[in-house]
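# Give me coordinates for this.
(one chain, ligands or ions: 1)
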Amino acid sequence: MQDPPAIAIIGAGIAGLTCAHELAAAGMAPVVFEKGRGLGGRVATRRTTEGAQFDHGAQFITTRDDDFRRVMAAMADAGEAVSWFSRDDEPHWVGYPHMSRIGHALGAQRNIVTGCRVRSVTPTDDGWTLALDHENVGFDQVVMTAPAPQAMELLGQDHPLASVLARVRYAPCHTLMVTSEDRAAARPGPWRPEQGPFNLIAREDSKPGRPPLACWVAHTTPEWSETYLETDTHQVREQLAAAFCEATGVPPDRIAYTDVHRWRYARVTQALGQACLQDDTGTLWIAGDGCLGPRVEAAWQSGRAVARAIRASI
Ligand SMILES: Cc1cc2nc3c(=O)[nH]c(=O)nc-3n(C[C@H](O)[C@H](O)[C@H](O)COP(=O)(O)OP(=O)(O)OC[C@H]3O[C@@H](n4cnc5c(N)ncnc54)[C@H](O)[C@@H]3O)c2cc1C
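Below you'll find the predicted structure:
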C-alpha cells in the first residue's frame, strides 16, 4: 500500500482545523501551521490580566447544514459549546467557557504548530516547499485556508489561482473591547444599534460561563472600518470609546478598560461560490470562508469539502 501523502495545512481557523480533523479520521497525519498563538482564527477570545475576557471575533455560530448541526450539538454534549440564545428555535452557539474553546475542540490531538508563519509556498518537482521563519519544509500537498489576499501573497501573483482568489472580497471590522466597574450598567445581550459606528454591541457576561464582570464587545460597521482602516489604533480607540458611552449610556468615568482589535479581513462580502479550489497540479488546495461565505459554518463546510476532495484524489 502507498504511504499517505505528506499534507500541510496553512491556518488553524475553523476551515483548517476541520480539514485536519477529517483527514486524520481517514488515517492521514496532516501538519497544521498557524501564525497566531491560539486555535480558531477569527473564532477568538482575548483575555486581560484583570480576568476579563472578550470573544472579539465571531459572536455566535448558527447552523443550517444538518451535519454541522450535529457537530455543534456534540460539542454542546461535551461541554464545549452552549446556546447563548435562541431565535425561531435556532440555537446561537458560543464556545464554553469562551469562544476559542471551539477551535480547541476541533483541533484536539492534531499536529498543529502555532506561532509559525508560513512565508511562501513554492512548487518543486515533486510537491511544495513551505518557507517558515528558520527552515524550509517539503510536502506532497498543501491546503491554504488563510483569507484570500493572504493566500495570494503566499503563492505569488503569477500563480494561476491568483486571479481567482482576487475575486474574493472582505469587509474590515474594528472590535472595541470594554469593561466597566459598574455591573448594573447597560443592557445585557447583543443588540444592533441603528446609528453610529457600531452594528453590534454584546455584553460578554450575558453569555453562559463567562466571568462575572461587565465586559462588552462592539463591532463597527464595514463602512466605518473602511474609513478608519489605517488610522492609528490609539485614535480609533478614543473615538470608539466615546461612541460606546453614547450608545450604551455607560458614563465615561465608569469605564475601566478599553482596547481595539482591527480585523482587516473580517467578513466575506463576495465569495467564490464553490466549496474549495484545486490548482492544475492537483496538489494545492484553497479553502476557507472565502469559498462559501461569511460564516463559521461556511468555513467548516469548506474545510470538510477540501478534505473529502483530497481523499477522493488519492
Ligand atoms: C468581527 C467578526 C465577527 C464575526 N461574526 C460572526 C458571527 O457572529 N457568526 C459567524 O458565523 N461568523 C462570524 N464571523 C466570520 C467567521 O469568524 C469567519 O467566517 C470564519 O471564522 C472564518 O474561518 P476560516 O478558517 O475560513 O478563516 P480564519 O479564521 O481567518 O483562519 C485562517 C487562519 O490562518 C492563519 N494564517 C493566515 N496566514 C498565515 C500564514 N502565512 N501562516 C500561518 N498561518 C496563517 C490565521 O492566523 C488564521 O488563524 C465574524 C468575523 C469577524 C472578524
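
# mean confidence for the longest helix anywhere in the chain?
When the chain is parsed with DSSP state H, its longest helix is helix 296-313. Helix 296-313 shows a mean pLDDT of 97.

# And for stretch 222-233?
Per-residue pLDDT over stretch 222-233 has a mean of 98.

# Could you work out the end-to-end span of that stretch for me?
End-to-end span of stretch 222-233 (C-alpha to C-alpha, to the nearest Å): 17 Å.

# buried residues in it?
Going by neighbour count (16 or more other C-beta atoms under 10 Å), the buried part of stretch 222-233 is 222, 224, 225, 228. In short, each C-beta sits where N, CA and C put it, glycine included.

# In whatever helix or strand residue 130 lives in, which residues are buried?
Residue 130 belongs to strand 127-131 when assigned by DSSP states H and E. Going by neighbour count (16+ other C-beta under 10 Å), the buried part of strand 127-131 is 127, 128, 129, 130.

# In JSON lines, list those residues along with distance to residue 284 and pLDDT.
Shown next, in JSON lines, are these (distance: C-beta to C-beta, whole Å; pLDDT from 0 to 100):
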{"residue": "127", "distance to residue 284": "10", "pLDDT": "96"}
{"residue": "128", "distance to residue 284": "7", "pLDDT": "97"}
{"residue": "129", "distance to residue 284": "12", "pLDDT": "97"}
{"residue": "130", "distance to residue 284": "11", "pLDDT": "98"}
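
# Name the residues that touch the strand holding residue 130?
Identification of contacts with strand 127-131 by C-beta atoms under 8 Å, 6 or more residues apart in numbering yields 6, 8, 10, 33, 118-123, 136-142, 283-284.

# Next, count neighbours for the nearest residue to residue 40 once chain neighbours are set aside.
Closest residue to residue 40 apart from its sequence neighbours, by C-beta to C-beta, 6 or more residues apart in numbering: residue 103 at 2.5 Å. When neighbours are defined as other C-beta atoms under 10 Å, residue 103 has 25 of them.

# how about low-confidence regions in the stretch 1-150 of the chain?
Low-confidence segments of the stretch 1-150 of the chain, defined by pLDDT under 70, span residues 1-2.

# Near the ligand, which residues of it? Just list them.
The interface of the stretch 1-150 of the chain toward the ligand, taken as C-beta under 6 Å from any ligand atom, is made up of 10-16, 33-36, 41-43, 57-61, 117-118, 145-147, 150.

# Can you give me the neighbour number for the residue of the stretch 101-250 of the chain at minimum distance from the ligand?
Nearest residue of the stretch 101-250 of the chain to the ligand (C-beta to the nearest ligand atom) works out as residue 146 at 3.3 Å. The tally of other residues near residue 146 (other C-beta under 10 Å) stands at 24.

# Remind me what the longest strand seen in the chain packs against, helices and strands.
Taking DSSP state E as the criterion, the chain has its longest strand at strand 255-270. Packed against strand 255-270 by the contact rule (3 or more C-beta pairs under 8 Å, 6 or more residues apart in numbering; DSSP states H and E) you find helix 148-155, strand 169-180, helix 222-227, helix 233-248.

# Deepest in the core, which of the ones you listed is it.
Mean neighbour count (mean count of other C-beta atoms under 10 Å) peaks for strand 169-180 among the helices and strands packed on strand 255-270, with a mean of 22.

# Taking helix 148-155 as reference, get the angle to that strand.
Orientation of strand 169-180 against helix 148-155 (axes from the mean of the first three to the mean of the last three C-alpha atoms, to 10 degrees) gives an angle of 110 degrees.
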